[in-house]
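Colleague: Give me the fold of what follows.
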Amino acid sequence: MKRINDLSHNIKVLFVQEISNFQNFLMKSLNHTVNDPTIIFCTLFLLFFLGALWILDKMNFQIVMDCIIDWFDKECAKKGKLLCIIFIISLLFLVCGGLYSILSMIIISDQNSYANSLNSYFDVKYQNEIKPQSEIEINHIVNETINISNFSERLDRIAEWETQNFTDVYWHHVSSKRIIPYADIYTYNSEGKIRVAQSSIATSPYAGDPDWITYYRFGACGEESALFANVSNRTGIVSRPIILDLGHWEYGIVPVQTGNHAFLEVQLNDDEWYFYDPTVYGADHVLNESPCKNSAPCQNRWFGKPEQYSYFASWQVLRIYRGDTGEDVSDRYTRLSESIVNAKRVFSSKYGLSFVNRHMTLPINVNETFVKFSISHH
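Modeller: Coordinates of the predicted model:
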């Protein structure tokens, strides 16, 4: 009897949770719809369209329509129904495409105007507050670490400083909002932290800026890598950016991109290049479920030789290249590039094609957002 009561209680709790989730979904959807700037343009277009119909009706519009219908019936009788249907579909595409283009130009123009205004505002804040305060913090960690002779310890200390108070949108599952609708150039979270990213609609001079990142401590792997590179370079360590295009392989040969991940290669005294991933360091040390938190013994997944990098599974990696030059470096990351090598081998054997400079064709990018995958999640 107790088990039945417990089961009944659990079902009621789940039902209430689902109802609550559905209500939240409806409220978010309604809020998004109400705040959608295209609603204004669509409403205006509908009003103008209805007004035009009313005016044309007063001007014997019915006569014009009858003439068009008669002409259309004659053309259909001559050329057949199939061609008439194709003509109607093409005409609809033409009209919708024209309206979409006009609407897009209006929105893009507005977004650029908003972005320029925000850039001007942040110019003042950046020069008077963000840059001076951030430079003090950066110089402090540089002076603290520049004399650490062990490069591994120096890099770890920089990563610890960077990630300790950093809000990663993927670690912490942060919900962020756009300051400018339809452009992710400036996004903010509930704590007032602001992230800057480049957008196809508008641009900002502060995307990837180390002072901005230090001040707000908000972003993802791109921001973490940019700040880490700046600080480590100031301590005398040369670095270069590495990008992983992430996703999956359709049929083992077709790359479908769903995101990417950024980290660094650093050159040490032996003139060899090692990978260092400050994002992985943060994930393994900062989060509550981190295996290395409170100096617990754990596997080092954030620093080592390129062939040792294993934070992602091979099937998740579509391309490995330098972020500054675009050079393909998948041959150095042997654990990550197994699927890439297999895809090239299968493709070459089936279609007799070779790959120049070990470079695959550009993957299908279905999502421009930065997405982190973890082997443990799959």
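Colleague: give me the element residue 109 is part of.
Modeller: Element membership of residue 109 [criterion: DSSP states H and E] is helix 81-125.
Colleague: And that helix, how far out from the chain middle?
Modeller: 22 Å (CA atoms, centre = their mean, to the nearest Å).
Colleague: name the helices or strands packed onto it?
Modeller: Under the contact criterion of 3 or more CB pairs under 8 Å, 6 or more residues apart in numbering; DSSP states H and E, helix 81-125 touches helix 38-58, helix 61-79, strand 177-180, strand 183-188. C-beta: built from backbone N, CA, C; applies to glycine.
Colleague: Out of the ones you listed, flag the one nearest residue 100.
Modeller: helix 38-58 (10.4 Å; CB to CB).
Colleague: Just name the most buried of the helices and strands packed on helix 81-125.
Modeller: Greatest average neighbour count among those goes to strand 183-188 (a mean of 21), per mean count of other CB atoms under 10 Å.
Colleague: elements contacting that one?
Modeller: helix 81-125, strand 177-180, strand 194-196.
Colleague: partner strands of the last one, parallel or antiparallel?
Modeller: Sheet pairing for strand 194-196, assigned by DSSP bridges, gives strand 183-188 (antiparallel).
Colleague: Any idea which of the helices and strands packed on helix 81-125 gets closest to residue 197?
Modeller: strand 183-188 (5.4 Å).
Colleague: Which stretch among the helices and strands packed on helix 81-125 approaches residue 323 most closely?
Modeller: strand 183-188 (19.2 Å).
Colleague: how about the helices in this protein?
Modeller: Secondary structure of the chain (DSSP state H): helices located at 2-34, 38-58, 61-79, 81-125, 131-145, 151-163, 210-216, 221-234, 278-285, 338-351.
Colleague: Of all those, which one comes closest to residue 201?
Modeller: helix 81-125 (4.7 Å).
Colleague: circling back to that earlier point, in a markdown table: the helices of the chain, plus distance to residue 180 and mean pLDDT.
Modeller: Shown next, in a markdown table, are those (distance: least, CB to CB, whole Å; pLDDT from 0 to 100):
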| stretch | distance to residue 180 | mean pLDDT |
| --- | --- | --- |
| helix 2-34 | 15 | 55 |
| helix 38-58 | 14 | 70 |
| helix 61-79 | 41 | 75 |
| helix 81-125 | 5 | 81 |
| helix 131-145 | 23 | 96 |
| helix 151-163 | 27 | 94 |
| helix 210-216 | 17 | 96 |
| helix 221-234 | 19 | 96 |
| helix 278-285 | 26 | 91 |
| helix 338-351 | 37 | 70 |
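Colleague: want to try a markdown table for the ones you listed, with distance to residue 298 as columns?
Modeller: Shown next, in a markdown table, are the helices of the chain (distance: least, CB to CB, whole Å):
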| stretch | distance to residue 298 |
| --- | --- |
| helix 2-34 | 35 |
| helix 38-58 | 49 |
| helix 61-79 | 73 |
| helix 81-125 | 39 |
| helix 131-145 | 22 |
| helix 151-163 | 13 |
| helix 210-216 | 26 |
| helix 221-234 | 19 |
| helix 278-285 | 6 |
| helix 338-351 | 25 |
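Colleague: mind checking which of the ones you listed is nearest residue 253?
Modeller: With CB to CB, the closest approach to residue 253 among the helices of the chain belongs to helix 338-351: 4.7 Å.
Colleague: Low-confidence stretches in the stretch 151-300 of the chain?
Modeller: Low-confidence regions of the stretch 151-300 of the chain, defined by pLDDT under 70, span residues 200, 288-289.
Colleague: okay, now the domains of this protein?
Modeller: Domain assignment for the chain by automatic domain parsing gives 2-111, 237-378.
Colleague: Without its sequence neighbours, what residue ends up closest to residue 279?
Modeller: residue 221 (4.4 Å; CB to CB, 6 or more residues apart in numbering).
Colleague: Could you check how far the one you found is from residue 169?
Modeller: Taking CB to CB, to the nearest Å as the measure, residue 221 falls 10 Å from residue 169.
Colleague: When the two are compared, which one has more neighbours?
Modeller: Taking other CB atoms under 10 Å, residue 221 and residue 169 do not tie; residue 221 has more neighbours (25 against 20).
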